[in-house]
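Student: coordinates only, sequence not included:
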Ligand code: BTN
C-alpha cells in the first residue's frame, strides 16, 4: 500500500483527513515530527522530532460506524504483540492504552467520517514513544518511552514488525473474525481480575474488571455487585 512520509507536519491525522477521500484503504501517512499532534479530548500530543513513530492509517472498512471504535483496540493489540516479540514487558489497559511499567508508551486517536449506515473513512493515528528521554512535566508521570524503560529499539525496526501484525489483525476483523484480537486483548490485559476505578459521567466508581466480551466491551462488577458492560470509558488502576 501507499506510504506518504514527511519530515514535519502539524498532525498526521489532519493531513490524512485532507487526502482521505482520494486514497485507498491502507494508505499510510508518517512524519518524523508533529508540531500540533492531537490527543484525545482535544489534548495536545507531544511529538518530538525523531523521538517516536507518528503515523496515521487511512482505513475504509465496510463496517457499521458503531463498530469503528474497535479499531483502536486492534491497534493496541497489534502494538502489544509487536513489543512482546521484542521481549518488552507490556500490558494493555482496556480499551486501548499500551503500558510499560504502568505508563503509556503509545497514544491512539481514531477519527471517522460516516453517515448513519456506512463508513466513508476512518483515520487511525498512533504516536509511539520510542527514543524520547524526557517529557513535558504535565505528562511525565503518565507517559514513558522505550528508551526511558531501558529498551534500545529502532523506530524503523519497530515499524516494520508492527505493520504486518496490524494488517493481519485488521483484515481478520474486516472479515468478521475477532478471535485473535480478543485473545491478545485478554492475554496482555493489566486490569482483568483486578480492582479498578471507572471514570464515567463525571464520577469515579470502584469495581472489578471481570471480562472482555466478544464485542470488545468490558464487564465490570461494581462494589454493590451490580455488573455492567462498558462500551468505552476511562479506567485507572
Ligand atoms: C491520546 O493518547 O490522547 C491519543 C494520541 C494520538 C497521537 C497520534 S500521533 C499520530 C496521529 N496524529 C495526531 O495528531 N494524533 C495521532
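Tutor: In hand now; what should we look at? Computed from a prediction, not measured in an experiment: that's the story for all the values here.
Student: tell me if the helix ranked longest in the chain is near the ligand.
Tutor: Longest helix of the chain, by residue count under DSSP state H: helix 155-174. No. On the criterion Cβ under 6 Å from any ligand atom, helix 155-174 is out of touch with the ligand, staying 12.8 Å away. Yep, even glycine has a C-beta here, placed from its N, CA and C like the rest.
Student: just the residues contacting that helix, thanks.
Tutor: When contacts are defined by Cβ atoms under 8 Å, 6 or more residues apart in numbering, helix 155-174 is touched by residues 26, 30, 50, 52-53, 55, 57, 59, 61-63, 70-71, 74-75, 77-79, 81-83, 85-86, 128, 130-131, 146, 178-181, 184.
Student: and that helix, what's buried?
Tutor: 155, 158, 159, 161, 162, 163, 165, 166, 169, 170, 173 (16 or more other Cβ atoms under 10 Å).
Student: wait, does the helix or strand of the chain with the lowest mean pLDDT make contact with the ligand?
Tutor: Ranking every helix and strand in the chain by mean pLDDT, DSSP states H and E puts strand 234-236 at the bottom, with a mean of 88. No. If you take Cβ under 6 Å from any ligand atom as the test, strand 234-236 misses the ligand, and the best it gets is 10.9 Å.
Student: quick check: domain ranges of this protein?
Tutor: Following automatic domain parsing, one gets these domains for the chain: 3-187, 195-236.
Student: which of the ones you listed is buried the deepest?
Tutor: Most buried of the domains of the chain by mean neighbour count (mean count of other Cβ atoms under 10 Å) is domain 3-187; its value is a mean of 18.
Student: now the end-to-end length of that domain.
Tutor: 31 Å (Cα to Cα, to the nearest Å).
Student: what is the rounded mean pLDDT of it?
Tutor: The pLDDT scores in domain 3-187 average 96.
Student: re the thing from before, please identify the pairing partners of the least confident helix or strand of the chain and their relative orientation?
Tutor: strand 195-200 (antiparallel) (DSSP bridges).
Student: which residues touch the strand it pairs with?
Tutor: Contact with strand 195-200 is made by 204-209, 220, 230, 233-237, as judged by Cβ under 8 Å, 6+ apart.
Student: what's the helix or strand following that strand packed up against?
Tutor: Later in the chain than strand 195-200, the nearest helix or strand by DSSP states H and E is strand 203-212. Other helices and strands packing on strand 203-212, by 3 or more Cβ pairs under 8 Å, 6 or more residues apart in numbering; DSSP states H and E, are helix 179-187, strand 195-200, strand 218-222.
Student: can you tell me the element the most centrally placed residue in the chain falls in?
Tutor: Closest to where the C-alpha atoms of the chain average out (Cα atoms, centre = their mean) is residue 108, at 3.6 Å. Taking DSSP H and E as the criterion, residue 108 maps to strand 106-114.
Student: again, but for residue 14
Tutor: Going by DSSP H and E, residue 14 is in helix 12-19.
Student: now that helix against strand 106-114, angle please.
Tutor: Using axes from the mean of the first three to the mean of the last three Cα atoms, to 10 degrees, one finds that helix 12-19 and strand 106-114 are set 20 degrees apart in direction.
Student: got a list of contacts for helix 12-19?
Tutor: Contacts of helix 12-19 (Cβ under 8 Å, 6+ apart): 4, 6, 9, 27, 29-31, 34, 36, 38, 54-58, 109, 111, 113, 123, 125.
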